[in-house]
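A.B. asks: next one to model:
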Amino acid sequence: GDHVGVLKYVKDRIFAFILALGPVCDEQYAAACGCINFGVPTIADTDFPEVLPTGVCTYEHVVTNIPEAEIVTKGIEVRGLKITIAKIDIPMSYGPAFEGERIKKDAMHVELGGPKSFGFEFAYSKPLDQVEDGKFTVIGPNIKDVEEGGLLPIGIWIELAGRKFQEDFEPILERQCHHLLNGAEGILHIGQRDIVWMRISKKAVAAGFTFEHFGTILHAKMHNEFGAIVDKVQVTIFTDADKVNEHLEICRKTWTERDNRLADMNDETTETFYSCSLCQSFAPTHVCVVTPERPGLCGAYNWLDCRASYEINEHGPNQPIAKGDAMDERLGKWKGVDEFVIPASGNAFESFAAYSILVDPMTSCGCFEAIAACLFAANGIMVVDRDYAGETPCGMGFSTLAGSVGGGLQTPGFVGISKFYIGSKKFISAEGGIKRLCWLPKVLKEASKDMIDARAEEIGIPNFYDMIATEENGTDEETIMAFLSEVGHPCLEMEQLMEMM
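C.D. replies: So this is what the prediction gives:
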């Protein structure tokens, strides 16, 4: 008969596997070997010769010595069976209708992370045998232990495993937390990495929501949406402050390594950029254009991440953009980018400039890590991040600025950026680049020192770092100008910003 056709049909359409429980005699072993000819593997809890090389079956052929408690999970893995979870087991409704839901203070039971606390969300991959699928753990106070209106740090630690999973996919699935968690009624999620901010409503808590349900949502949705690459998902929720801090250091080291992967790429030699519309549930007209030298404003996605995301899901939020002919290389304008931006923004905008803060700057949503703003009197640019709660020389703190700049707006003189973008050669390059940078919050300045020093060497001003003011030097333009004059900041000798609009 057509043994090849039968094998292909069974292998591709009938996801069967044999569980051999207890001792296996020679006849049973021979029968199991016969099943291999149909692409059906055998998983056993006893010890007998294994057949591990792949070939006929999707993966291994005979796997033995698997504990009885793990044998079904192992069978699913070896057969390549993909799990789809039809209903997410949480006490609230779930669906796209709840993305963009706002939870005000009077409707909130608990706030997690954000400007008043700290937190992170982090995803990384491990070998299959080191991840327990569907295991959810809470370390620290659970939601029932928190009084109404309370505040907690939050750490969402996601361990992923899959035979086809690649390390490059980690940041893509990490960033998916934003829209996956926002789909639940009564959960507000903003930000990413170490600027995550969440609120849980009183209604959700009254319905029986606990922190374990974060794991339930992420496990179900990652299996459903990324089943082609994800076989196992394990989630740990940290609300203990010491544990959050301990794991945050690990996260930051990994994020730095991820950010540095693009060091040898540049925009000029790259013909394809990528879009990111992940935040359109909150800012419908917003779209990021991500280039090798201009990461997404959230700081979580760079060009490589967007490319990997497109490889995973061709219909997802990250689409390739053929940049086309350059219309203005100084501003960072390309014909292909503008042709993409018009429909992607719902016809709200006709043109984006990748490198300018004054002429058609990119739109901003509330997930930005930082905001760059022009200081016209000082003829320079300041940057403030969301961790800084004080006043700034532009007269507005971060929260006020975010309300004016976010929401998918294009606001000349202001633009949302990632912290890593400060060290890019394309940082506000249309207006003179890093030489315009004259004010940073002290903590952000210290965290950016290596990037700033590297750029300072490149532009021939080795002591440039010491020329940048912080809140310790002043928070109004008049005071800042006196400091800039004293140190001889280069922005004072540059073309007037007002004349560049």
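
A.B. asks: all the strands of the stretch 401-501 of the chain, residue numbers only.
C.D. replies: Using DSSP state E, counting those that start in this stretch, the strands of the stretch 401-501 of the chain run over 414-417, 437-439.

A.B. asks: give me the contacts around the last one.
C.D. replies: Read that as strand 437-439. Here strand 437-439 makes contact (Cβ atoms under 8 Å, 6 or more residues apart in numbering) with 375, 378, 380-383, 392-393, 422, 427, 452, 467-470, 480, 484, 489, 491. Just so you know, the C-beta spots here come from the backbone N, C-alpha and C atoms, and that holds for glycine as well.

A.B. asks: check the longest one too.
C.D. replies: Strand 414-417 has contacts (Cβ under 8 Å, 6+ apart) with 297, 357, 361-362, 364-365, 368-374, 383, 401, 404-406, 427.

A.B. asks: what's near enough to touch residue 354?
C.D. replies: Counted by Cβ under 8 Å, 6+ apart, residue 354 has contacts 267, 289, 291, 294, 331-333, 337, 362, 426.

A.B. asks: before we move on, back to that, so which of the contacts of strand 414-417 sit within strands?
C.D. replies: Using DSSP state E, the subset of those located in strands is 370-374, 383.

A.B. asks: reformat the residues you listed as a markdown table; add pLDDT.
C.D. replies: A markdown table is the format used below for these (pLDDT from 0 to 100):
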| residue | pLDDT |
| --- | --- |
| 370 | 93 |
| 371 | 95 |
| 372 | 96 |
| 373 | 95 |
| 374 | 95 |
| 383 | 96 |
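
A.B. asks: next, format those residues as a markdown table and append distance to residue 227.
C.D. replies: Output for the ones in strands among the contacts of strand 414-417, formatted as a markdown table (distance: Cβ to Cβ, whole Å):
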| residue | distance to residue 227 |
| --- | --- |
| 370 | 35 |
| 371 | 38 |
| 372 | 40 |
| 373 | 43 |
| 374 | 47 |
| 383 | 40 |
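
A.B. asks: now, the most widely separated pair of the residues you listed?
C.D. replies: 370 and 374 (14.4 Å; Cβ to Cβ).

A.B. asks: show me which helix runs longest in the chain.
C.D. replies: When the chain is parsed with DSSP state H, its longest helix is helix 241-259.

A.B. asks: as a whole number, average confidence for the very next helix or strand once past it?
C.D. replies: With elements assigned by DSSP states H and E, the helix or strand that comes after helix 241-259 is strand 272-276. Mean per-residue pLDDT for strand 272-276: 95.

A.B. asks: note down every partner strand of strand 272-276 and its orientation.
C.D. replies: strand 288-290 (antiparallel), strand 320-322 (antiparallel) (DSSP bridges).

A.B. asks: of these, flag the one that's most buried.
C.D. replies: Among those, strand 288-290 has the highest mean neighbour count (mean count of other Cβ atoms under 10 Å), at a mean of 26.

A.B. asks: just give me how far it sits from the chain centre.
C.D. replies: Mean C-alpha position of strand 288-290 versus that of the full chain (Cα atoms, centre = their mean, to the nearest Å) differs by 14 Å.

A.B. asks: not counting the helix or strand following that strand itself, show me its contacts.
C.D. replies: Downstream of strand 288-290, the next assigned helix or strand under DSSP H and E is helix 303-312. Here helix 303-312 makes contact (Cβ under 8 Å, 6+ apart) with 166, 168-169, 171-172, 175, 226, 228-229, 258, 261-262, 265, 270, 273-276, 290-292, 295-296, 301, 316-320.

A.B. asks: residue 370 and residue 374: who's more crowded?
C.D. replies: Ranked by neighbour count (other Cβ atoms under 10 Å), residue 370 and residue 374 place residue 370 first, with 27 against 24.

A.B. asks: what's the distance between that one and residue 321?
C.D. replies: As judged by Cβ to Cβ, to the nearest Å, residue 370 and residue 321 stand 24 Å apart.

A.B. asks: what does residue 256 give?
C.D. replies: Distance of residue 256 to residue 321, computed by Cβ to Cβ: 27 Å.

A.B. asks: thinking residue 327 is in contact with residue 335, fair?
C.D. replies: Yes: using Cβ atoms under 8 Å, residue 327 is in contact with residue 335, at 5.8 Å.

A.B. asks: ok, residue 330 touching residue 430?
C.D. replies: Yes: judged on Cβ under 8 Å, residue 330 makes contact with residue 430 at a distance of 5.3 Å.

A.B. asks: and for these two, which residues touch both?
C.D. replies: With Cβ under 8 Å, 6+ apart, residue 330 and residue 430 have common neighbours residue 355.

A.B. asks: if you count what's nearby, which of these two comes out ahead?
C.D. replies: residue 430 (21 against 13).

A.B. asks: contacting residues for that one?
C.D. replies: 330-332, 353, 355-359, 500.

A.B. asks: please repeat the previous calculation with a cut-off of 6 Å.
C.D. replies: Applying Cβ atoms under 6 Å, 6 or more residues apart in numbering to residue 430 gives the contacts 330-331, 355-356.

A.B. asks: PyMOL command for the buried members of these?
C.D. replies: With 16 or more other Cβ atoms under 10 Å as the burial test, the buried ones among those are selected in PyMOL as follows:
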select buried, resi 331+355+356
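
A.B. asks: how about residue 471, phi and psi?
C.D. replies: phi -60, psi -20 (degrees, to the nearest 10).

A.B. asks: what's the pLDDT at the most centrally placed residue in the chain?
C.D. replies: Nearest to the mean C-alpha position of the chain, by Cα atoms, centre = their mean, lies residue 175 at 2.6 Å. The model reports residue 175 with a pLDDT of 86.

A.B. asks: surely it meets residue 302?
C.D. replies: No: Residue 175 lies out of contact with residue 302 (Cβ atoms under 6 Å); the separation is 10.9 Å.

A.B. asks: find the residues that touch each one of the two.
C.D. replies: Common neighbours of residue 175 and residue 302, counting by Cβ under 6 Å, 6+ apart, are absent.

A.B. asks: just the CA atoms of the lowest-mean-pLDDT helix or strand in the chain, as PDB, please.
C.D. replies: Of all the helices and strands that make up the chain, helix 3-13 has the lowest average by mean pLDDT, DSSP states H and E, namely a mean of 81. Extracted as PDB, the C-alpha positions of helix 3-13 are listed here (Å, rounded to 0.1, in the frame of the first residue of the first chain):
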ATOM      1  CA  HIS A   3       2.900   3.400   3.300                       C
ATOM      2  CA  VAL A   4       4.500   6.900   2.800                       C
ATOM      3  CA  GLY A   5       1.100   8.500   2.400                       C
ATOM      4  CA  VAL A   6      -0.300   6.700   5.400                       C
ATOM      5  CA  LEU A   7       2.700   7.800   7.500                       C
ATOM      6  CA  LYS A   8       2.300  11.400   6.400                       C
ATOM      7  CA  TYR A   9      -1.400  11.400   7.200                       C
ATOM      8  CA  VAL A  10      -1.000   9.900  10.700                       C
ATOM      9  CA  LYS A  11       2.000  12.000  11.400                       C
ATOM     10  CA  ASP A  12       0.400  15.300  10.300                       C
ATOM     11  CA  ARG A  13      -3.200  14.700  11.300                       C
END
